[in-house]
Structure formats: C-alpha cells, structure tokens
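Novice: I'd like to go over a predicted model; first the sequence, then the structure.
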Amino acid sequence: MNSLDSGYTSNGFYDEMLAASGKPRPAYRRLYEQLNQLGPGELGRRHDLAMQMFRNHGITFAVYPDAQGTEKVFPFDIIPRVISAETWRHLEAGLKQRLAALNLFLDDIYGRKLILHQRAIPPEIVLTSPQYLREIEGLPVPHGIHCHIAGSDLVRDDKGEFYVLEDNLRTPSGVSYVLANRHVMKRVFPDLFAGYPVRPVEGYVHELLRHLRWLAPESVDDPTVVLLTPGINNAAYYEHLYLAKQMGIELVEGTDLVVDQDHVFMRTTRGLKGVDVIYRRLDDTWLDPIFGRQESLVGVAGLVNAYRAGNVAIANALGNGVADDKAVYALVPKIIRYYLDEEPILPNVKTYLCAFDDDRRYVLEHLEELVVKTVDASGGYGMLIGPDSTQEQRDEFRRRIQDRPRSFVAQPVVSLSVQPIFDRGRLRRAHQDLRPFVLTGPEVYVTSGGLTRVALKDGSLVVNSSQGGGSRDTWVMAEDGAERPNA
Amino acid sequence: MLSRAATSLTLLGRHLERADHLARILGVHVALSLDRTDEPGPEFWIRFMELAGWPGGDTHDRDQAVEVVLTGTLGPSVRASVGAARLAAQAVRPSLPTELYEQVNALHWRVQEATWQPDLYPFLNDVQLSVRLVDGLLEDTMRNDEARDFVRLGKFVERTANVTNIVTRKSAELADAPEDALEWSAVLKSCFAFESYQSRYSGGVTPEQVIECLLLEPALPRSARFSAQVALDSVSRIDGPGRRSKPKTLLARLHGMFLDTNAERVGDQPREFEVECRAILRQLELAMRETYFHPSKVPATVIGDEGRAMPQQQQQRRGAGA
C-alpha cells in the first residue's frame, strides 16, 4: 500500500516533518504512522468534519478586498506541527529576551531617550517613524510596561534555524485560532493526541485577564475590564468576541463608551458604568477622534485624555507601533545588546534599510532577488516579492522607494520551512511560519507554541489569511522522547 | 448590560420568531393551496403575501410566493430573518451560550445553501425545529438575567404582532361559512395551535373560538394574550421593582387590550382592533429605543433598517485591529 507521502517532495526546502520521503523526523514518527494508518479516505472525512466545526462555531474571517465582506472559514490543515521541548525552551527564552528589550526601548524613547542620545541606534530611524507619537512623550504607563500583548513572527530557514521575521506590538491577532485549532483537533483527532505529551494552550485566556486586571489604576479594587473592538465587520471580530467571552468581560464598540470628566464609562441599560482597563483592538490613530483621525467613528472621543489622567489603562499602550516598524525591527539586535547586555537568542532576518544610501543602492540593484516591505503595513499588504514580481511591479516599487526611502525595507527571500498539508487525499508541500504570543505583566507568559500559519496556495510564501493562508495546530512537547509509541 | 447588547438580543429574539412564523405560514398556505379542488387564483397569493409582510407586490402564484418568502431581500423572508438573527447573535455572542450561537450560525448556513425543490417541507420543518432548539437552549442553558429577558421581549412582542395580524386579517376576509372552515384551520396551524385548539374546544372550528383561542387564551404560549404577558413580565424584570418605564406601561396597555375584549367584539371589528394594537406596538418600539437602546447605532427595528453599515469601512480598516 502506498504511504500518504508517495510522490511528495520538499523540493530542497527544510521540511519539518519529513527528512526524506517515508522518513519522518523523530518528533513526527508516531504521528506519521497514525496518519498512514488512518489513510486518505478517513483523513478526508475528518478534515470535512473539522471544517464543519469551524463553520458552525463561527470561526470565519472577512476578506477586505471584497466590498461585500465575503466570509470564509479560516482554512485549516489537519496535520499538526510538532515542536520539541528543547527547541521550544530556546524559542521561549528568545522571545522573553526580545520583549524585555522592546519594553525597555519603548519606555526609554518615550522617556529619557538614552539610546538615542548615545546614538546606539540611529535616532532618525526612530524619530521619523510614522508610528512614533510625540504626543505621549513623558507619559507614564502602569508598571512601566508598554507592550502587554505581543506576537512575534518566527520563520525557519533552509537549515531549520529559527529567525524573527517581524514583531507585532500593537494589536496582534491570531491567538483565538490557536485555541480553536486545539479545540477542534481534540474532538476530531483524539487518537492522535494519545501518543504525545502535548502542552496545553488553554491557560492563555486566564493569564490575559490576570494581566489586564493588574493594569488597573491602584485605587480600584475590582476593576472593570472591557475589550474594545472596531466592530462586527473587522476581520478579527471572531477573535475579539471569543476573548471577551472567555474572559467574561464586555465586548464594547466605540459607541458603547463615553468619556466624562476624564473618566471612561460604558452605556448600559441602567445608565453609565465606569471602565478601568481597556484591551483595545484598534490602532492608535482610530482610538480617539480628538487625538487621532477626526473621522474615526470606531473610537471614543476623549479616551486619550482619560488615559493621560491615569483614570483608565489601555493595553497595549499607545505608541508601540514604533517598535514594530519594520525599519526599527532591523535595529532590535542592537536594542537587545544595549538594554540587556546580551547577545540576541533569536536572530533577525538580514534587513536593508532603504533610508540608508548604501542599503538603498543595493536594494534597487537587487529588486528581483529581495522581498521589499512597507515599514508600517501588515497582513501581507504593501509587499514586493522580487522573484515572483513583474517588471512593471518592480518599476513601481523602485519609484516608491526613491520617493520615500524611509518607508521601505528589504530582505532576502527566506526559504521558509515546509511541512506537508493534507490536500484532497494526498500530501502537498506548504510553507509555514509561527506566531507565538507573549504577555508581559506581573510575569512574562508565552503561549505554548502559538499560531502556525500555512501558505496554502501552491508554491506561495505568503501565510496571511487575507492572502490565502491558513493555520494548523501547534504541538509543543512537554518533554522530549516521551512519545508513547504504542499509545 | 450594554445598551447595544440589549438591542441585539432583542433583535435576535424577534428575527428568530419571524423566521419561524414565515416558515410556518408558508408551509400552511402551500398545503392549503393544494387542498383545494381548483388551483387558487392570484388573489389567494396576493393575500398571502400581504400576510407575510409583502403588500402591493406582484406575486401571483405558488412558486413565486415560495421564492420570495424564503429568499426575498426587499422585505421579510426566512433567509433574511435568519441572517439578521445571526448578525444580532454575532454582535452579542459573549452574552450567549456557545451552543445557542452555534445553532443559529448552523441554521444560517443551511438556509443560505438550501435548495427546497422538491423538498420544501423538510426545509421548512428544519427551520422551525431549529428555532425550537434555540428556544430550548435559551430556556435551559441561559442564566435568568437581563440578557435572556431581552431575547424574550423581542420574541414575544413579535409573536403578539404576528398572531394579532393573522387573526384580524382573516377575520376581516373570511365569513362564518362551512367553506371557510379549512382556512380557519389553516389560521390555527399557522400559529402552531391547531392541536391545542382541538383539545380545548369542541364543536369544530368556528371563527369565534379561533379568535378566542389565538388572541385571548391565557395559557396557550401561541396566543397573543399569553405573548403580551410574557413580554410584560420580561420588561418588569428588566426594570426591576418599583420602576415603571414607558415600555412597561405600553405593554400593560397592550396586554389589557386582550383582557378587556371578547371574541365577538374582535370578530365584529377586526380592523379597528388591529389598528389599535399596531399603534401601541409602534409606540412600544420607540419607547424601547429611548429607554434601553438609546444611544445606539443598532436600530431596534426589523429588516429594512440596516443602520449598522455606517462605520463598516472603518471597522474593516486593516489598521484597526490587524
């Protein structure tokens, strides 16, 4: 009988599951056997069952370019990703180090600016960031922490080495899919879990609430925490309502809140009720029409003044965008060395800053080989993938880079690692990344694993859900070598 | 509770009740049209469409009526009502039991994708049973609190309006003649009350007894009086002791209409009764908005008022919650 991976090839990419056809890596051995035992017919049936569960559960997302707001089930692959305990310890330590340094960086640049005065990094890169908010300079934040919830994107190269591709320190999305993927996998493939000591992921919501409550103004004993969503049409709305429900807090929209005398209240059927902590899922510019974009209908007028007055805590703090600006990203290794006096545990991908003449020259000469990114874009938008681009697209980016060099960075194409996906009865190669989530507060908490995003389009390197990406469950082993072969 | 959440919970109850009602009256009228020896003319379907909330249309036959009432977008339809219920449920999902939301969501997808030819009855049956399942989940899993009362408020106000509408319209249209007994039975079936009627009343189906059963019966969950009472009870709990809100006053008046009349009087002047009832319901809608839902961008009205679209583009912005 043919195994599932007959005819499968990783085509030279680092394959996380299969060292070669028919030869699974040690951490995947048991899983590989089980998948083959189940066979394509049964796997297909369970895949359909999983998708039905996702849809009934409402785990869908909206696709922006479609004005009608097409709703799609978040694509899911049934083969989990397995990460060994040893690898995870390394990643966890690297993420904690990175977030510690980035929090110190944010506190510094909105405070004394020592790193800039000492020119440990080029000040102009920081101060010209569109995400740098002069309006909040000198504004203290609770416990000196700016980034309470972060999601850093990790990739593996052709040798299997992990790199940080980017940091998301404003409103990182995806943690609900981590929890939903596990929820569905446990129900559709309970037999697969039997052989593995998989670390649970459910603790995240409890930790998130604990971290949010910890931010409340000192005078408040029993804080009221709310999650502020842009609304039902936002692509991440499912995540907003999922987290609010799991934490038992109100899910509010801008129109549900009102600011009076620098205090925030929500409008209830019994009048106004005070709010102490806001977990916002809106970017800074939309948060308050007085502070940011005047046309904002999703924000709350006066919210930033209430924040300044210390009457409400906002997570994440305002102004974090400067630290996940893709140009500042390039400086993170230096930032880690500056604040922690340590070598970065997790390396960056080599990044060229188009703001620098030499880098820009190199980028313009090598557009066909590089990935060019807009510094403040996300979701896979505003990118040029050189090897896949047309001459017309390259000319357009060349013009944009020359017009606004500070707005662009470039990186070599990372040969993202691959892992088979189950696609219509057979295994097919697909690239993937990993977005672990880090909570910084009374303690630092890292989700076990995180969201593995998969580029489901054949040959694609883009893992974003808005551009054909999906996800899979991520299994972090509690200990290595503990797989029960006969379980 | 957030005012916006109260609005959406009320809409959830109302839209589900409407979907159930439309599925039921459609099934009953299609069956009624087949029970006749001659194919009913356009007049039959025009009257049916008015009953279903599509006045002045040009629907003249069964297939058109089925299509419009199941999928129409310019007025109340099963698909639109289930879609609106799901939208409301999405907006207040944290307030709802997971299973309840999932049932509404699954029903939405089934209704979106369903093909009902030639299987109209299984489809209509699925809609009605799904709504019953949601009702059961509501009663059996949801905490006895404000959220539940707002759903009940929406549901039973809608039911009061629907039952009153069908009974008074048919009273005006039909006579107390033997050939109309079939239609009066259809009225009972449209309100899911035929079997209750049979067990309660003797002497066959008569207009007066149907009116009494459907409008004035205090113990029948499908009667207008019962529904108004449940809505009043819900508002009383929402308001709490000692508060007499405008919605409560209006619901007490509405309930009083069913207490202070009798079947003969309604049968004599059905239109007048319906007009008075409708006027109170209109005032009630405004009063609920002012008392519980205001200020809110979510309208406390049914299909046709899609006021949520305004901030849609901003909600979709990639920068907002990427």
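Specialist: Done, it's in.

Novice: Remind me what the helix or strand hosting B:S236 packs against, helices and strands.
Specialist: In this assignment (DSSP states H and E), B:S236 forms part of helix B:224-239. Contact partners of helix B:224-239 among helices and strands, from 3 or more C-beta pairs under 8 Å, 6 or more residues apart in numbering or on different chains; DSSP states H and E: helix B:146-173, helix B:246-259. Where you see a C-beta, it was placed from the backbone N, CA and C, and this is true even at glycine.

Novice: Give the burial count for B:V66, as a bare number.
Specialist: B:V66 is flanked by 21 other residues according to other C-beta atoms under 10 Å in any protein chain shown.

Novice: For it, give me its contacts.
Specialist: B:26, B:30, B:116, B:120 (C-beta atoms under 8 Å, 6 or more residues apart in numbering or on different chains).

Novice: dump the residue contacts of A:L35.
Specialist: A:4, A:43, A:79, A:192, A:422.

Novice: switch to 7 Å and redo it
Specialist: A:4, A:43, A:79 (C-beta atoms under 7 Å, 6 or more residues apart in numbering or on different chains).

Novice: cool, A:T440 as well?
Specialist: A:T440 neighbours (C-beta under 7 Å, 6+ apart): A:99, A:103, A:145, A:147-148.

Novice: Over to A:L346?
Specialist: A:94, A:98, A:162-164 are the contacts of A:L346 under C-beta under 7 Å, 6+ apart.

Novice: which ones among the contacts of B:V66 are found in helices?
Specialist: B:26, B:30, B:120 (DSSP state H).

Novice: Check the burial of the closest residue in space to the second one that isn't next to it in sequence by counting its neighbours.
Specialist: Nearest-residue entry for B:V30: B:R62, 6.3 Å, with adjacent residues in sequence omitted and distances by C-beta to C-beta, 6 or more residues apart in numbering or on different chains. The criterion is other C-beta under 10 Å. On that basis, B:R62 has 19 neighbouring residues.

Novice: Make sure B:R62 is actually in contact with B:L34.
Specialist: No. Look at B:R62 against B:L34 with C-beta atoms under 7 Å: they stay out of range, at 8.6 Å.

Novice: Am I right that A:M185 is in a strand?
Specialist: No. With DSSP: H, G, I helix; E, B strand; the rest coil as the criterion, A:M185 is located in helix rather than a strand.

Novice: Tell me the residues on the stretch 201-350 of chain A that lie near chain B, please.
Specialist: A:229-234, A:236, A:241, A:244-245, A:250-253, A:255-256, A:266-269, A:281-283, A:285-286, A:296-298 (C-beta under 7 Å from any C-beta of the partner chain).

Novice: One more pass at 8 Å, please.
Specialist: Residues of the stretch 201-350 of chain A found near chain B (C-beta under 8 Å from any C-beta of the partner chain) are A:229-237, A:240-241, A:244-245, A:249-256, A:266-270, A:281-283, A:285-286, A:295-298.

Novice: Can you go through the residues you listed and name the buried ones?
Specialist: A:229-237, A:240-241, A:244-245, A:249-256, A:266-269, A:281-283, A:285-286, A:296-298 (16 or more other C-beta atoms under 10 Å in any protein chain shown).

Novice: Show me the shaky parts of the chain.
Specialist: You didn't pick a chain, so chain A it is. Chain A contains residues with pLDDT under 70 at A:1-2, A:61-71, A:378-380, A:466, A:482-487.

Novice: that's the other chain; I wanted chain B
Specialist: Checking chain B against pLDDT under 70 turns up B:117, B:176, B:178, B:295-322.

Novice: what residues does the stretch 101-250 of chain B put near chain A?
Specialist: Close to chain A, as judged by C-beta under 8 Å from any C-beta, the stretch 101-250 of chain B has residues B:101-102, B:105-106, B:109, B:146, B:238.

Novice: Dump those to CSV, plus secondary structure, neighbour count and distance to A:K23.
Specialist: Converted to CSV, these look like this (DSSP: H, G, I helix; E, B strand; the rest coil; neighbours: other C-beta atoms under 10 Å in any protein chain shown; distance: C-beta to C-beta, whole Å):
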residue, secondary structure, neighbour count, distance to A:K23
B:Y101, helix, 25, 45
B:E102, helix, 18, 41
B:N105, helix, 22, 43
B:A106, helix, 18, 42
B:W109, helix, 16, 41
B:E146, helix, 22, 60
B:I238, helix, 23, 65
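
Novice: For residue 57, which non-adjacent residue is spatially closest?
Specialist: Let's take chain A. B:E102 (5.9 Å).

Novice: That was the other one, I meant chain B.
Specialist: B:M49 (5.2 Å).

Novice: The one you found and B:E67 touch, don't they?
Specialist: No. Using C-beta atoms under 8 Å as the test, B:M49 is too far from B:E67 to be in contact (11.4 Å).

Novice: What are the neighbouring residues in contact with the residue nearest to A:L114 when sequence neighbours are not counted?
Specialist: Residue nearest to A:L114 in three dimensions, not counting chain neighbours: A:D108, with 5.6 Å by C-beta to C-beta, 6+ apart. Applying C-beta under 8 Å, 6+ apart, we find A:D108 in contact with A:114-115, A:339.

Novice: Tabulate these (CSV), appending neighbour count.
Specialist: Converted to CSV, the contacts of A:D108 look like this (neighbours: other C-beta atoms under 10 Å in any protein chain shown):
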residue, neighbour count
A:L114, 13
A:I115, 20
A:Y339, 20
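
Novice: Give me the three-state assignment for A:R472.
Specialist: strand.

Novice: quick one, strands of the stretch 1-150 of chain A?
Specialist: Assigned by DSSP state E, counting those that start in this stretch, the stretch 1-150 of chain A shows strands spanning A:18-20, A:23-24, A:60-62, A:71-73, A:76-83, A:149-156.

Novice: how about the ones you listed, which one is nearest chain B?
Specialist: Between chain B and the strands of the stretch 1-150 of chain A, the shortest gap by C-beta to the nearest C-beta is with strand A:60-62, which sits at 6.9 Å.

Novice: dump the residue contacts of residue 217.
Specialist: Because you didn't say which chain, this covers chain A. Contacts of A:P217 (C-beta under 8 Å, 6+ apart): A:142, A:223, A:276, A:310-313.

Novice: My question was about chain B, not that one.
Specialist: Contacts of B:E217 by C-beta under 8 Å, 6+ apart are B:200, B:223, B:225-226.

Novice: same check, this time on B:P42
Specialist: B:60-61.

Novice: do the same with the one 3 residues further on
Specialist: Contact criterion C-beta under 8 Å, 6+ apart gives B:59-62, B:64-65 as the residues in contact with B:W45.

Novice: Any chance of CSV for the residues you listed, columns secondary structure?
Specialist: Shown next, in CSV, are these (three-state DSSP):
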residue, secondary structure
B:T59, coil
B:H60, coil
B:D61, coil
B:R62, helix
B:Q64, helix
B:A65, helix
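
Novice: Closest one of those to A:V349?
Specialist: B:Q64 (61.3 Å; C-beta to C-beta).

Novice: Tell me which stretches of the stretch 251-400 of chain A form helices.
Specialist: A:284-287, A:303-308, A:326-329, A:332-340, A:357-365, A:391-403 (DSSP state H, counting those that start in this stretch).

Novice: ok, longest helix in chain A?
Specialist: Chain A, longest helix under DSSP H: helix A:29-57.

Novice: So which bits of that helix are buried?
Specialist: A:29-32, A:34-36, A:38, A:40, A:43-44, A:46-47, A:50-51, A:53-57.

Novice: Please apply the same query to stretch A:275-294.
Specialist: For stretch A:275-294, using 16+ other C-beta under 10 Å, the buried residues are A:275-289, A:291-293.

Novice: try stretch A:465-481
Specialist: Counting neighbours by 16+ other C-beta under 10 Å, stretch A:465-481 gives A:465-477 as buried.

Novice: Could I get the contacting residues of A:S3?
Specialist: Going by C-beta under 8 Å, 6+ apart, the list of residues near A:S3 reads A:22, A:36.
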